[in-house]
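# Predicted coordinates and the sequence they were generated for:
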Amino acid sequence: MDKIPSFTINHNLLLRGIYVSRKDNVGGETVTTFDIRMKEPNREPAMHPGALHTIEHLAATYLRNDPEWRDRIVYWGPMGCLTGNYLLVKGDLESRDIVDLMRRTFGFVASYEGDVPGAAPKDCGNWLLHDLPMARWEARKYLTEVLECIKDKNMAYPE
C-alpha cells in the first residue's frame with residue numbers, strides 16, 4: 001500500500017504556518033488543500049480538543065460568510081493530531097494567496113464574544129466539548145506569532 005503524501009512530511013522539522021498539502025482535480029476544477037499548522041508537531045503540546053473544536057466552529061462560520069472567499073470555501077476542519085486544521089478551497093492556490101484571509105479568520109476567532117455558532121445539541125455532535133477562552137487564546141497566539149510575521153519558511157514544507 002502506498003504512503004499518502006502528507007505522511008511523507010518530516011513532522012519533526014515542521015514549523016507553524018500555512019502549507020499547500022495537496023491539489024486535486026475535482027470535476028475539472030482544482031481544489032487546494034491547505035495545512036493550517038498552529039503547533040509544531042512533537043515539539044509543543046497539541047491543542048485541547050475543546051479549543052480546537054471551537055476554532056473549527058468559528059473559523060468555518062467566518063470563512064463561509066467572507067464576501068470575497070465564501071463561494072470558494074469547500075471545507076474547514078481540525079486535524080486528528082490536534083496541531084492544526086485543513087482548509088480546502090476551490091482554485092489552484094499557493095500559501096501566500098490566503099495569508100490575509102487567515103489573518104482575518106484568526107482575528108475573528110481571537111476577538112469573538114458570545115455564543116459559539118452551532119454549539120447546541122441539535123446542531124453539534126459533541127456540543128459540550130467547547131472552550132471559547134482557550135480558542136481565543138490559541139487563535140491570538142497563532143495570529144501574532146505566525147500570521148502577522150509569516151516568512152517563506154512557514155509556507156514551504158521542510159525538505
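Good, I have the coordinates. Numbers count the residues shown, from 1 in each chain.
# contacts and neighbour counts: CA atoms only from here.
OK.
# Over to the residue nearest the centre of the chain. Which of the three states is it?
Nearest to the centroid of the C-alpha atoms of the chain, with distances taken as CA atoms, centre = their mean, sits residue 85, at 3.3 Å. The assignment at residue 85 comes out as strand when based on DSSP: H, G, I helix; E, B strand; the rest coil.
# where along the protein do the strands fall?
Counting by DSSP state E, the chain forms strands over residues 17-26, 29-37, 73-78, 84-90, given from the N-terminal end onward.
# Now those in TSV, please, with extra columns for mean pLDDT and distance to residue 156.
Converted to TSV, those look like this (pLDDT from 0 to 100; distance: least, CA to CA, whole Å):
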stretch	mean pLDDT	distance to residue 156
strand 17-26	96	6
strand 29-37	97	11
strand 73-78	97	20
strand 84-90	98	16
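# Which among these is found nearest to residue 157?
Residue 157 lies closest to strand 17-26 among the strands of the chain, at 6.6 Å (CA to CA).
# who's in contact with that closest one?
When contacts are defined by CA atoms under 8 Å, 6 or more residues apart in numbering, strand 17-26 is touched by residues 6, 30-38, 92, 94-95, 99, 146-147, 150, 154-157.
# Provide the strand pairings for it, with the direction of each partner.
Applying DSSP bridges, strand 17-26 is found paired with strand 29-37 (antiparallel).
# gap between the strand it pairs with and the chain center?
A distance of 10 Å separates the centroid of the chain from that of strand 29-37, by CA atoms, centre = their mean, to the nearest Å.
# Output that strand as PDB, restricted to C-alpha atoms.
Coordinates of each C-alpha in strand 29-37 appear next as PDB, following Å, rounded to 0.1, in the frame of the first residue of the first chain:
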ATOM      1  CA  GLU A  29     -11.600  22.300 -11.200                       C
ATOM      2  CA  THR A  30      -8.500  22.400  -8.900                       C
ATOM      3  CA  VAL A  31      -9.200  22.200  -5.200                       C
ATOM      4  CA  THR A  32      -6.200  23.200  -3.000                       C
ATOM      5  CA  THR A  33      -5.900  21.600   0.500                       C
ATOM      6  CA  PHE A  34      -4.000  23.800   3.000                       C
ATOM      7  CA  ASP A  35      -2.400  22.600   6.100                       C
ATOM      8  CA  ILE A  36      -3.000  25.400   8.700                       C
ATOM      9  CA  ARG A  37      -0.400  24.300  11.200                       C
END
